[in-house]
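>>> got a sequence here, can you model it:
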Amino acid sequence: MKATHAHLLKFINSATQFVIPIYQRTYSWTEKECRQLWNDVRRAGNTDHIPVHFLGSVVYVEESLSNASAGAPLLVIDGQQRLTSATLLLAALARKVGEDEPVDGFSAKKIRNRYLIDPDETGERQFKLLLSKTDRTTLNALVRGDELPEPKSKRISENFDLFARWLDQDKDAVTDICTGLSKLMIVDVALSRDHDNPQLIFESMNSTGRKLSQADLIRNFVLMGLEPELQTRLYEQYWRRMEEGFGQSAYASHFDGFMRHYLTVVTGSIPRLDDVYEAYKAYAQEQLATGRNIEDLVREVWEYSRYFGAMVLGQEKDPHLSLGFNDLRELKVDVAYPFLLEVYGDFKAEKLSAIEFVEIIRLVEAYVFRRAICAVPTNSMNKTFATFGRSINKDAYLESVKAQFLILKSYRRFPVNDEFIARIQDRDLYNFRSRGYWLRKFENFGRKERVHVDDYTIEHIMPQNENMPQTWRDALGENWAEIQAKWLHTLGNLTLTAYNSEYSDKSFEHKRDMEGGFKDSPLRVSQGLAQVEAWDESAIKARAAKMAKRAAEVWCMPALPEAILSGYRKPASIASEYSIDDHPHLVSGEISGLFADFRREVKALDPCVTEHFLKLYVAYKAETNFVDVIPQAKSLLVSLKIGVDELTDSREMARDVSDLGRWGNGRTEVKLSDLADLPYVLGLVRQALDLQLGSEDAA
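Numbering: from 1, shown residues only. Down below sits the predicted model:
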């Protein structure tokens, strides 16, 4: 490697051509980064005491070190965002100055012939900067002054327009920008293919501009070191098709998330969103060591990206699957995508039919919705779905999925009808995060001709006006305020209407009997209101009970005969032969009171926590042990199933015992002997429990 300082414009002028390799990300600067560049250049241009402004580095493989002939392009490893933005600013400046030369060397002709094109070349060889294919045609058209292609690169065209507009808005801007551009400096970093590792250098660059996404790093890792012919083929055959499948906007916003879901499928572990690149590198290196080749891995990512596009980006062609995926998107069930990606792959491999796939989608939907209604903590669902597919018998696919849902216990449970029916009646559904979703599902369940719920608004039958009209106070009775507070936003008091403004705070009888009122409503969700004589608490509760039973059919739980289900159940564990009486220190010793408080608080952490007395210690489990207690005469040794490096432990009470002989299952140990320390230790225990339950803040 050799690095030198250089003036940006001289650097561009002296180079034959800069080429962005196909594995590099597309141009991604937004108005924020462009505004920063503009401000920096402008400030350098109008401030005499600023002799230079450092822009960053440009890292490339130099032609003389890459076995290429003299005058060959420079392949840019890092710095394309800065080069591209500077090129857009120069192109906008050339268009602005025309035949004028506000600063020596900055006429349109000189700008173009020195920094934008090589007048002695033709075709693509004439352009000083040649971007990857997604952006190339748009930048080339702007440099030539041609009409933009369709589809055009959104970022390239928008940022050119930004620079052009800013140049037009201020008469002093042109001079300042010309002068400022002449002061820009870079670090010119030339690499040798024979001695430098471009990928390692690429990873370690701390350059200015937009941070590389995990997907950018992955693409570079996969393609950067390949022979040019293989690199081009894999990019064109798989990666570019993947980018096009996502589209420019979705690629930027969804691709990192997709890679996280994909890695969850193929590894069974959920990487943090910021660690996706490292997780993929580890997975790829492991797979390559087993005999797979790089094309297998790229093809695998591409195939899963198509499944993801169908589910998340609305690209599914089958109408029944498409409707199911749309419902999942509206309900926001991202945590289920790893499992559904696996099912989609099996569907493509013809291990299940489209009808079975739709039913599985509906089971996932019902599971997520019922848990939300029943306020079951959601922090376990990502782990539930991450490993769900591994429990499936794919020779009896649908039956096995139903069985796995039915045997989930405690905090992972599929809420049964009694629980769901009870909770949906008193839940605040007006402020539910997906209220449009549940109303649409309610209205269209069983319909062949679907109702577009977006054409209607939500109507509170009993109005939500704080100044309740006297007619409503009389109808509800003397405790009208309590009734309004309790039932206002609940299932029994909500419906849909196209006459919301006409209803206003009118009496129930008026809303029922007016033209377009409840009696005339064609909507199923309003059925039965025409027969109600008065709207009071009993009417609200009666309607809620009826609708709740309907909801149990809309979001139905799976059903299997017990004879089949019993085959999927794990044998019950044998009850422990030990009890607290086998631990004298815990019964009447010095620490017995401390243990009594500890066990009460730990069991109160979550309904799923169970206590098990063993010969040498006491275990507390959710799925498995998350904390064990080893009794001593004057203290409790608390063994946590979490690494010291994973704990937030400001008092540093925990120690690593992973390499020591010990009782208990944990890698981390805390000594508890003082009641005053109990709240702090319980905070550590809570962290071990959250880790096991699968906290969703890992993103």
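
>>> what residues does stretch 505-525 touch?
Outside stretch 505-525, the residues that touch it by C-beta atoms under 8 Å, 6 or more residues apart in numbering are 439, 442-443, 447, 451, 456, 461-463, 465, 468-469, 471-472, 475, 495-499, 502-503, 526, 529-530, 532, 534-535, 547. C-beta here means a position set from N, CA and C on the backbone, and glycine is covered the same way.

>>> buried subset of those, written for ChimeraX?
Selection of buried members from those for ChimeraX, criterion 16 or more other C-beta atoms under 10 Å:
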select :439,442,443,451,456,461,462,463,468,472,475,495,496,497,499,503,526,529,532,535,547
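
>>> just the contacts of stretch 505-525: which are in strands?
Among the contacts of stretch 505-525, DSSP state E puts Thr495, Leu496, Thr497 in strands.

>>> what is the nearest of these to Val266?
Nearest to Val266 among the ones in strands among the contacts of stretch 505-525 is Leu496, at 43.5 Å by C-beta to C-beta.

>>> which residue comes closest to the closest one once chain neighbours are left out?
Leaving aside its chain neighbours, Leu496 sits nearest to Tyr456 (4.1 Å; criterion: C-beta to C-beta, 6 or more residues apart in numbering).

>>> go on, Leu167?
Nearest one to Leu167, counting by C-beta to C-beta, 6+ apart, is Lys96 at 4.6 Å.

>>> hmm, back to that, which of the ones in strands among the contacts of stretch 505-525 lies closest to Ala676?
Nearest member of the ones in strands among the contacts of stretch 505-525 to Ala676, counting by C-beta to C-beta, is Thr495, at 55.5 Å.

>>> list of residues touching the host helix or strand of Ala688?
Here Ala688 sits within helix 678-693, counting by DSSP states H and E. By C-beta under 8 Å, 6+ apart, the surrounding residues in contact with helix 678-693 are 377, 379-380, 383, 411, 594, 597-598, 601-602, 605-606, 608-609, 622-624, 626-627, 638, 640-642, 646-649, 651, 653-654, 666, 668, 670, 672.

>>> which of those residues fall in helices?
Under the assignment DSSP state H, the contacts of helix 678-693 contribute Lys383, Leu594, Asp597, Phe598, Glu601, Val602 to helices.

>>> count of residues packed around the third one?
To tie it back to what came earlier, the one meant is Asp597. Using other C-beta atoms under 10 Å, Asp597 has 12 neighbouring residues.

>>> ok, it to Gln687 distance?
Asp597 sits 19 Å away from Gln687 when distances are taken as C-beta to C-beta, to the nearest Å.

>>> how does this protein divide up, domain by domain?
The record's domain split for the chain, according to automatic domain parsing, is 2-210, 230-421, 444-554, 580-698.

>>> what average pLDDT does the shortest one get?
In this case it means domain 444-554. Averaging pLDDT along domain 444-554 gives 90.

>>> just give me how far it sits from the chain centre.
37 Å (C-alpha atoms, centre = their mean, to the nearest Å).

>>> how far does that domain stretch from one end to the other?
With C-alpha to C-alpha, to the nearest Å applied, domain 444-554 spans 9 Å between its terminal residues.

>>> how about the helices in the stretch 351-500 of the chain?
Along the stretch 351-500 of the chain, counting by DSSP state H, counting those that start in this stretch, helices occupy 354-373, 381-388, 397-407, 417-426, 435-444, 470-476, 480-487, 500-503.

>>> in CSV: these, plus distance to Asp120.
Putting the helices of the stretch 351-500 of the chain into CSV (distance: least, C-beta to C-beta, whole Å) gives the following:
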stretch, distance to Asp120
helix 354-373, 60
helix 381-388, 58
helix 397-407, 65
helix 417-426, 75
helix 435-444, 61
helix 470-476, 85
helix 480-487, 81
helix 500-503, 70
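
>>> for Val59, which of these is the nearest?
Nearest to Val59 among these is helix 381-388 (37.6 Å), distances taken as C-beta to C-beta.

>>> secondary structure element holding the residue nearest to Thr179 when sequence neighbours are not counted?
Closest residue to Thr179 apart from its sequence neighbours, by C-beta to C-beta, 6+ apart: Gly45 at 3.8 Å. Following DSSP H and E, the helix or strand that holds Gly45 is helix 31-46.

>>> show me what the next helix or strand after that helix is packed against.
Next in sequence after helix 31-46, counting helices and strands by DSSP H and E, comes strand 53-61. Helices and strands touching strand 53-61, by 3 or more C-beta pairs under 8 Å, 6 or more residues apart in numbering; DSSP states H and E, are helix 31-46, strand 74-78, helix 80-97, strand 184-191, helix 198-204.

>>> any idea of the mean pLDDT for the shortest one?
Read it as strand 74-78. Strand 74-78 comes out at a mean pLDDT of 86.

>>> got the buried residues for that strand?
In strand 74-78, counting by 16+ other C-beta under 10 Å, buried: Leu74, Leu75, Val76, Ile77, Asp78.

>>> and the last one, how far from Glu303?
Here Asp78 is placed at a distance of 30 Å from Glu303 (C-beta to C-beta).

>>> just Glu227 next, same as before
Taking C-beta to C-beta, one finds Glu227 at 24 Å from Glu303.

>>> neighbour count winner among those two?
Glu303 (17 against 8).

>>> where does the stretch 51-200 of the chain dip in pLDDT?
Residue ranges of the stretch 51-200 of the chain with pLDDT under 70: 62-71, 192-200.

>>> cutoff 50 now
63-69 (pLDDT under 50).

>>> so who does Lys409 touch?
Cys608.

>>> quick one, phi psi at it?
Backbone torsions of Lys409, given as degrees, to the nearest 10, read phi -120, psi 160.

>>> count the neighbours of the closest residue to Pro463 other than its chain neighbours for me.
Once flanking residues are discounted, Pro463 sits nearest to Asp505: 4.4 Å by C-beta to C-beta, 6+ apart. When neighbours are counted by other C-beta under 10 Å, Asp505 registers 16.

>>> begin at 448, not 1, for the rest of this chat.
Fine by me, first position is 448 from now on; the one you just mentioned is Asp952.

>>> helix/strand/coil for Asp952?
Assigned by DSSP: H, G, I helix; E, B strand; the rest coil, the conformation of Asp952 is coil.

>>> from Thr942, how far out is it?
Asp952 sits 15 Å away from Thr942, going by C-beta to C-beta.

>>> what do you get for Ala726?
Counting by C-beta to C-beta, the gap from Ala726 to Thr942 is 48 Å.

>>> ditto for Arg583
55 Å.

>>> so who does the residue most central in space within the chain touch?
Against the mean C-alpha coordinate of the chain, by C-alpha atoms, centre = their mean, the closest residue is Gly704 at 4.7 Å. Residues in contact with Gly704 (C-beta under 8 Å, 6+ apart) are Leu720, Asp781.

>>> got it, and Asn560?
Contacts of Asn560 by C-beta under 8 Å, 6+ apart are Pro566.

>>> may I have the phi/psi pair for it?
On the backbone of Asn560 - angles per degrees, to the nearest 10 - the values are phi -80, psi -20.

>>> tell me where the stretch 598-747 of the chain has helices.
Under DSSP H, counting those that start in this stretch, the stretch 598-747 of the chain gives helices at 601-616, 620-629, 645-651, 661-670, 675-681, 687-693, 695-714, 723-736, 741-759.

>>> mean pLDDT for these: which is lowest?
helix 645-651 has the lowest average pLDDT among the helices of the stretch 598-747 of the chain, namely a mean of 55.

>>> burial of the residue nearest to Leu614, as a residue count?
So Lys543, with other C-beta under 10 Å, has 19 neighbours.

>>> residues contacting it?
Residues near Lys543 by C-beta under 8 Å, 6+ apart: Ala611, Leu614, Asp615, Val621.

>>> in three-state terms, label His450 for me.
One correction, residue 450 is Ala, not His. Quick answer, by three-state DSSP: Ala450 is strand.

>>> the nearest residue to it once chain neighbours are set aside and Ile467: what is the separation?
Counting by C-beta to C-beta, 6+ apart, Val636 is the residue found nearest to Ala450 once chain neighbours are left out, at 4.6 Å. Val636 is 16 Å from Ile467, where distance means C-beta to C-beta.

>>> that'll do, ta.
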